[in-house]
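Chemist: Predicted model and sequence follow; I will ask about them next.
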6 protein chains.
Amino acid sequence: MTRPSGRNPDEMRHISFERNFTMHAEGSVLVSFGDTRVLCNATVESRVPRWMKAQDKKGGWVTAEYGMLPRSTNMRMGREAARGKQGGRTMEIQRLIGRSLRAAVDLEKLDGFTITVDCDVIQADGGTRTASISGGWVALHDAIQSLIVDGRINADPMLDPVASVSVGIFDGTPVLDLDYAEDSNAETDMNVVTNSKQGLIEIQGTAEAAPFSDTELQAMMQLAHKGIGEILEAQANAIGD
Amino acid sequence: MTRPSGRNPDEMRHISFERNFTMHAEGSVLVSFGDTRVLCNATVESRVPRWMKAQDKKGGWVTAEYGMLPRSTNMRMGREAARGKQGGRTMEIQRLIGRSLRAAVDLEKLDGFTITVDCDVIQADGGTRTASISGGWVALHDAIQSLIVDGRINADPMLDPVASVSVGIFDGTPVLDLDYAEDSNAETDMNVVTNSKQGLIEIQGTAEAAPFSDTELQAMMQLAHKGIGEILEAQANAIGD
Amino acid sequence: MTRPSGRNPDEMRHISFERNFTMHAEGSVLVSFGDTRVLCNATVESRVPRWMKAQDKKGGWVTAEYGMLPRSTNMRMGREAARGKQGGRTMEIQRLIGRSLRAAVDLEKLDGFTITVDCDVIQADGGTRTASISGGWVALHDAIQSLIVDGRINADPMLDPVASVSVGIFDGTPVLDLDYAEDSNAETDMNVVTNSKQGLIEIQGTAEAAPFSDTELQAMMQLAHKGIGEILEAQANAIGD
Amino acid sequence: MTRPSGRNPDEMRHISFERNFTMHAEGSVLVSFGDTRVLCNATVESRVPRWMKAQDKKGGWVTAEYGMLPRSTNMRMGREAARGKQGGRTMEIQRLIGRSLRAAVDLEKLDGFTITVDCDVIQADGGTRTASISGGWVALHDAIQSLIVDGRINADPMLDPVASVSVGIFDGTPVLDLDYAEDSNAETDMNVVTNSKQGLIEIQGTAEAAPFSDTELQAMMQLAHKGIGEILEAQANAIGD
Amino acid sequence: MTRPSGRNPDEMRHISFERNFTMHAEGSVLVSFGDTRVLCNATVESRVPRWMKAQDKKGGWVTAEYGMLPRSTNMRMGREAARGKQGGRTMEIQRLIGRSLRAAVDLEKLDGFTITVDCDVIQADGGTRTASISGGWVALHDAIQSLIVDGRINADPMLDPVASVSVGIFDGTPVLDLDYAEDSNAETDMNVVTNSKQGLIEIQGTAEAAPFSDTELQAMMQLAHKGIGEILEAQANAIGD
Amino acid sequence: MTRPSGRNPDEMRHISFERNFTMHAEGSVLVSFGDTRVLCNATVESRVPRWMKAQDKKGGWVTAEYGMLPRSTNMRMGREAARGKQGGRTMEIQRLIGRSLRAAVDLEKLDGFTITVDCDVIQADGGTRTASISGGWVALHDAIQSLIVDGRINADPMLDPVASVSVGIFDGTPVLDLDYAEDSNAETDMNVVTNSKQGLIEIQGTAEAAPFSDTELQAMMQLAHKGIGEILEAQANAIGD
């Protein structure tokens, strides 16, 4: 088996995090997983969602929104704003990003604040959701740092760092970090989100062409832990830890 | 650890499939997983989706839609038709059901037909999506049988049977087939879809309160295979195999 | 003239009310008018509509929503939630149900509460709106009883019972309680709602194929009173009066 | 009982039809029922609705749309175009107008044409739907005449003329043609549509405050026939018959 | 060059303002620019927009909405309320009208009130937006007068009167007040809004077929000032100054 | 008068065009006007709009869409896709961009093709619409070049280059290329689009705080010609002419 990119089965694409990519957001990161580029902007607002107020729930909130620029893909996709609604795939992905990033934060310590992480895909080549989570974490980190630096919160609400990668079965072989050429032909595609202690936060695996076995699941999990380890290291380097 | 329902950790709720529940649909099944009741109606139409026509793609299609009656839940939920759009959870679930049921069918043999499986939740007590997939498979089976009996297709397009169950970590213990009392307090919630050969079709696991380990993942997978085995047996009994 | 069902012109279909059909709603009734089956769930909420608050209007409110499951009909209908809006027929019917049920209640005595009656058609064979009103009344009754039993209201707000039936001119003859085979071929179709004293609450008559005369109107009114009388009796039996 | 307007119980408001009110429409009529003014524009298009094509149904079609200018009423109403949907009342009314006007036309003779009658309320003082039907009939007549004059259809598709009036019970007395002051305080409000032979096309009666009896229904029907007779005469005068 | 209407290049169409056209609005004006007729209704409400409240901004607000009756044009246009959204052209025009009319009012003196000017096109023959602004000003004037007469505001908030006209290049010649026959064939189309001191409030010029020069721009500006002068005079006559 | 940026009244911000910014689009340009950054992607599709087909109109089409990333601005704006519609400002701007770019192309020579120019604002600091037009022209140029290079069209459809700049009156002085600090406080704001021969394609001037005179209009026009001259030069350099 040869991967379209020539990579080894357990080899990640080049990963980078460009912080302060735009000037207005409290956290702004352009994340690249190979040719996939996602702009992650974290916004801090002094408010909590209506449902938290209604339930008199203490703490803060972290949420995410996801979008693809119409021509981030090979064929132009219709603009969701023009079509008048977000598609099912968009909703599914932004719910996944939101849950994953909330797992990285002690929401009680974020009391009174909502952080919205906007993940907008500038260029897509597979793995936009895992890049969004991984880059979104850096943007979230920077936004929360700004709250700490400004003395708006007392205790650091960041828990263990969180990152995400895709794994799959391509041509019968478990592979790490699928690009579009693999993703569109893989038998199985799985997205894994963990923290820095290999604690699983989300796994979403789909048999695209053929069912996969428990053994293959375990092989993919191992690849995922390896890949996420490298992403966590790159995140740490990016934020200067 | 005692489950709210008093069940053993690896014990399913009572499962039943009531076929021909309504009179118009080609396949109509009321599935019960304990107090969760979902009406699954499979509709056969002599058409293929627009995108298949546009791509000159051969074969047929299977899709699913999901809805909850406003008072299927403990608190009344606003009607999606009145709010003017389907929520993200609805879209996520109906995409999952659709993918799962397509894995049970050789679409090429369904040439020219679309089968839509409507899963409408009459009463919810946890596990509506796994009940929908499991009951939807029976409705799909009946609809396809009607095509065969009527001589509208030549070869049986049914592949291995498909079923689904939820597993989770409740109070530190892996448990099978969570009801609402567990689901709303579980540390982890995972939905598993497999075929009758334990081939994995979908897994979607979410750490609600605490990350879970690879070991816990494996324990949950074992429970899932046990539970799905029982559901597959109940399906087989229901269709009289 | 022979009716497709073989019934006499003044003969109702079999009517039944299955109370406590689901477990969450304060009132939950599966009503059957022959093969037409509608699930009527009444929900009590401690709030009044915004417009009542804005006008400082005293009392409570009763409203209704109506929907058809996509495959409750012979041909599958698109799901209104997916199409993004409720159709004109749906709106017309749920407004009719709401007005009819409000006529059964002294709203002042329901002070501070809103009761929403959801009428969801499980299986359609003509007369879904009259079944909804008649079954909705039983669900409304049960919901209000729960308020009285729980001591949340002091005085019983129920006025005279309300029921509804359809009448029409089929093949030149006035007939009672049209099923789909008649409904789709009738010259005239009329829905009548009255209370138990034959007080008219709503009449909506439409000449589908040919105008009807005042004499025919009177003949249909007589049939309607007969039919509603039987429904009111079945309602009384159902609630155990 | 004295009516707010000082009219006798069986006295209509002044009715007028101003033809050719605008210059583009094939039929354009400003109808006045007292202070209620509705602009009815009938448009002829060489097409039939999609559902007729799909069913290979012969003939033509007549349909109606209804709207109120935001400040046609005492309090400004939000613009439906801005709110993004037509309300239930609007849909109910335009469906009523459409059914009523279709009863005035032999659709087979309108082969290949759709006539859309737009009824836009310029000023509202009660009875906008009955004015719309009565004025819409004149606009429809003019549009069809233009088809005949231009030789685009061979046979005159107009059946018996159609008109509509409201009746009600006000302060215990049956009254004809309610204005807003009566309409908003009537015990019962009923809209009646007939042809010129007193053939009933639509009746929609609602008990606003108190149920009404069969005797009151008959009294209202008599008033309705009287009123519609006068409107039909005014229509005939307007079109010069 | 001969204009389709036979007018001189610097000749306006006949302009008229019919005040109190409807009875409910605080200001109600039917404005005619030749065959173009727009009903402008100004509504006074004792409230300010949500964003003003949120910003604790003093004063009042003036806004506008625009719509075309479906058959105000030569071909019937789909009703925006039925299509579920206002088109881009509608939004563009109502934003222009709103900005133009706000320039005629000292908003601080309108403290606590919102005036909404609804401009609904009854009949279109070019220049509907300039007619809307010019007629809307008269309706706005009347609405504000009613506030003054009723003693609800102390100081007159009206600033210099505002009016608008279109100019263009037709067949190589600058022309004033284009009708539809010109508008649809002009090389350039420009809408100008000024106050009574020739102070420019809005200019929007578009090269439809060929770019225009600075010299042509100046020639068109001169025509615009001439035309607006005549409209301002007609406005003054209408309000009896 | 000192500009917030310290620039001279007739001094542009730094302008740059980064071509091939993304890899999928036929033309992809990141344009910067100072801190304002807009990604302009031009997509070529082998189709014409429905209305062109319906009218059997020859040639091709150029259109534009505009969007702002939620956090391109100082305060986060709600995502239009999530709100379910594009706002009036968005529609107004994308219509302006589309008209401006069409003026740069001989549509007949683009026979059978539609080019869509998506302008997505990455970072906003005033002048996003003028940057979009100027950068969109470069993207459009590149997309059309790819058609020529690939031999899909025979004749070059590009007409004179088109660019755009904003001018305004700030603190009483006419200024060129307003940034946000000026834009939000200017008395007048005007956007000018011309071709390389100073032929005017669009002018849209708005008196934000005070009406402006014809003399000021002319002064602003002179500044606009100067600024557009510099942009055209930068465009020419970017495309290597």
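Modeler: Nice, I can see it.

Chemist: Every contact and neighbour count from this point should use C-alpha atoms.
Modeler: Fine.

Chemist: Run through the residues that contact the residue of chain A found nearest chain D.
Modeler: Using CA to the nearest CA, the single residue of chain A nearest to chain D is A:Gly84, 11.0 Å away. Applying CA atoms under 8 Å, 6 or more residues apart in numbering or on different chains, one finds that A:Gly84 lies in contact with F:Ala81, F:Arg83, F:Gly84, F:Lys85, F:Gln86.

Chemist: do you know how far it is from E:Arg89?
Modeler: The gap separating A:Gly84 from E:Arg89 is 17 Å, by CA to CA, to the nearest Å.

Chemist: Ok, A:Glu26 next?
Modeler: On the measure of CA to CA, A:Glu26 and E:Arg89 end up 36 Å apart.

Chemist: quick one: contacts for whatever residue of chain A ends up closest to chain F?
Modeler: Going by CA to the nearest CA, chain F is nearest to A:Ala81 of chain A, at 3.7 Å. Counting by CA under 8 Å, 6+ apart, A:Ala81 touches F:Arg79, F:Glu80, F:Ala81, F:Ala82, F:Arg83, F:Gly84, F:Lys85, F:Gln86.

Chemist: same thing with A:His225?
Modeler: Counting by CA under 8 Å, 6+ apart, A:His225 touches A:Thr194, A:Gln198.

Chemist: helix/strand/coil for it?
Modeler: Of the three states, A:His225 takes helix according to DSSP: H, G, I helix; E, B strand; the rest coil.

Chemist: pLDDT at it, what is it?
Modeler: In this model, A:His225 is scored at 98, pLDDT.

Chemist: for A:Ala209, same thing?
Modeler: A:Ala209 carries a pLDDT value of 87.

Chemist: ok so it is a strand residue?
Modeler: No - A:Ala209 is assigned coil when assessed by three-state DSSP, not a strand.

Chemist: helix or strand right after the helix or strand that contains A:Leu30?
Modeler: If you go by DSSP states H and E, A:Leu30 is part of strand A:27-33. Counting by DSSP H and E, the next helix or strand C-terminal to strand A:27-33 is strand A:36-45.

Chemist: and the next helix or strand along the chain from that following strand, does that touch chain C?
Modeler: Counting by DSSP H and E, the next helix or strand C-terminal to strand A:36-45 is helix A:50-54. No - counting by CA under 8 Å from any CA of the partner chain, chain C has no neighbours in helix A:50-54; the shortest distance is 13.7 Å.

Chemist: who's in contact with A:Pro211?
Modeler: Contact analysis of A:Pro211 by CA under 8 Å, 6+ apart lists A:Glu187, A:Thr188, B:Thr194, B:Asn195, B:Gly199, B:Leu200, B:Ile201.

Chemist: Report the separation between the fourth one and B:Glu202.
Modeler: So the one you mean is B:Asn195. 10 Å.

Chemist: Neighbour count: those two, which is higher?
Modeler: Taking neighbours as other CA atoms under 10 Å in any protein chain shown, B:Asn195 and B:Glu202 compare with B:Glu202 leading, 26 against 22.

Chemist: I'd guessed that one sits against B:Val193; true?
Modeler: Yes - taking CA atoms under 8 Å as the definition, B:Glu202 is a contact partner of B:Val193 at 5.0 Å.

Chemist: who touches the closest residue to A:Leu140 other than its chain neighbours in this structure?
Modeler: Residue nearest to A:Leu140 in three dimensions, not counting chain neighbours: A:Ala42, with 5.7 Å by CA to CA, 6 or more residues apart in numbering or on different chains. Counting by CA under 8 Å, 6+ apart, A:Ala42 touches A:Ala25, A:Glu26, A:Gly27, A:Ser28, A:Ile115, A:Thr116, A:Val117, A:Asp118, A:Gly136, A:Ala139, A:Leu140, A:Ala143.

Chemist: Return the per-residue confidence for A:Asp241.
Modeler: 72.

Chemist: Run a quick neighbour tally on it.
Modeler: 7.

Chemist: Would you tell me which residues of chain A are close to chain C?
Modeler: Counting by CA under 8 Å from any CA, no residue of chain A is near chain C.

Chemist: Strands along chain A, start to end?
Modeler: In chain A, the segments counted as strands under DSSP state E are A:15-19, A:27-33, A:36-45, A:61-68, A:114-123, A:162-170, A:173-176, A:188-195, A:200-207.

Chemist: closest one to C:Glu65 among these?
Modeler: strand A:61-68 (31.9 Å; CA to CA).

Chemist: And the residue nearest the centre of chain A?
Modeler: Centroid check for chain A by CA atoms, centre = their mean gives A:Ile133 as the closest residue, at 1.3 Å.

Chemist: so what's the nearest residue to it once chain neighbours are set aside up against?
Modeler: Excluding the flanking residues, the one nearest A:Ile133 by CA to CA, 6+ apart is A:Ile97, at 5.5 Å. For A:Ile97, the contact set (CA under 8 Å, 6+ apart) comprises A:Thr63, A:Ala64, A:Glu65, A:Arg129, A:Ser132, A:Ile133.

Chemist: ok, so of the residues you listed, who is nearest chain B?
Modeler: Scanning these for proximity to chain B, where the rule is CA to the nearest CA, the winner is A:Glu65, at 11.8 Å.

Chemist: For the closest one, report the pLDDT, please.
Modeler: For A:Glu65, the model assigns a pLDDT of 98.

Chemist: isn't A:Thr188 right next to A:Glu216, touching?
Modeler: No - judged on CA under 8 Å, A:Thr188 makes no contact with A:Glu216 at a distance of 9.7 Å.

Chemist: out of those two, which sits in the more crowded spot?
Modeler: A:Thr188 (29 against 18).

Chemist: Any figure for the gap between the closest residue in space to that one that isn't next to it in sequence and chain E?
Modeler: Of all residues not flanking A:Thr188 in the chain, A:Ala207 sits nearest, at 4.4 Å (CA to CA, 6+ apart). A:Ala207 is 39 Å from chain E, where distance means CA to the nearest CA, to the nearest Å.

Chemist: quick one, what contacts A:Ala207?
Modeler: A:Ala207 neighbours (CA under 8 Å, 6+ apart): A:Glu187, A:Thr188, A:Asp189, B:Leu200, B:Ile201, B:Glu202.

Chemist: next one: A:Glu26
Modeler: A:Asn41, A:Ala42, A:Thr43, A:Val44, A:Ala139, A:Asp142, A:Ala143, A:Ser146.

Chemist: isn't A:Ser164 right up against A:Asn191?
Modeler: Yes - with contact defined as CA under 8 Å, A:Ser164 counts as touching A:Asn191 (7.1 Å).

Chemist: Name the residues contacting each of these two.
Modeler: With CA under 8 Å, 6+ apart as the test, A:Ser164 and A:Asn191 both reach A:Thr130.

Chemist: So the two - more neighbours on which side?
Modeler: Remark: of A:Ser164 and A:Asn191, A:Ser164 carries more neighbours, 31 against 22, as counted by other CA under 10 Å.

Chemist: ok, now which ones touch the more buried one?
Modeler: When contacts are counted by CA under 8 Å, 6+ apart, A:Ser164 touches A:Thr130, A:Ala131, A:Ile133, A:Ser134, A:Asn191, A:Val192, A:Val193, A:Thr194, A:Ile228, A:Ile231.

Chemist: Can you add pLDDT and give the contacts of A:Gly84 back as JSON lines?
Modeler: Putting those into JSON lines (pLDDT from 0 to 100) gives the following:
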{"residue": "F:Ala81", "pLDDT": "94"}
{"residue": "F:Arg83", "pLDDT": "91"}
{"residue": "F:Gly84", "pLDDT": "89"}
{"residue": "F:Lys85", "pLDDT": "90"}
{"residue": "F:Gln86", "pLDDT": "94"}
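
Chemist: Find the nearest non-adjacent residue to A:Met68, please.
Modeler: Here the residue nearest A:Met68, using CA to CA, 6+ apart, is A:Val121, at 4.6 Å.

Chemist: sorry, back to before: right, and the residue nearest to the centre of chain A touches A:Pro161 too?
Modeler: No - with contact defined as CA under 8 Å, A:Ile133 does not reach A:Pro161; the gap is 10.9 Å.
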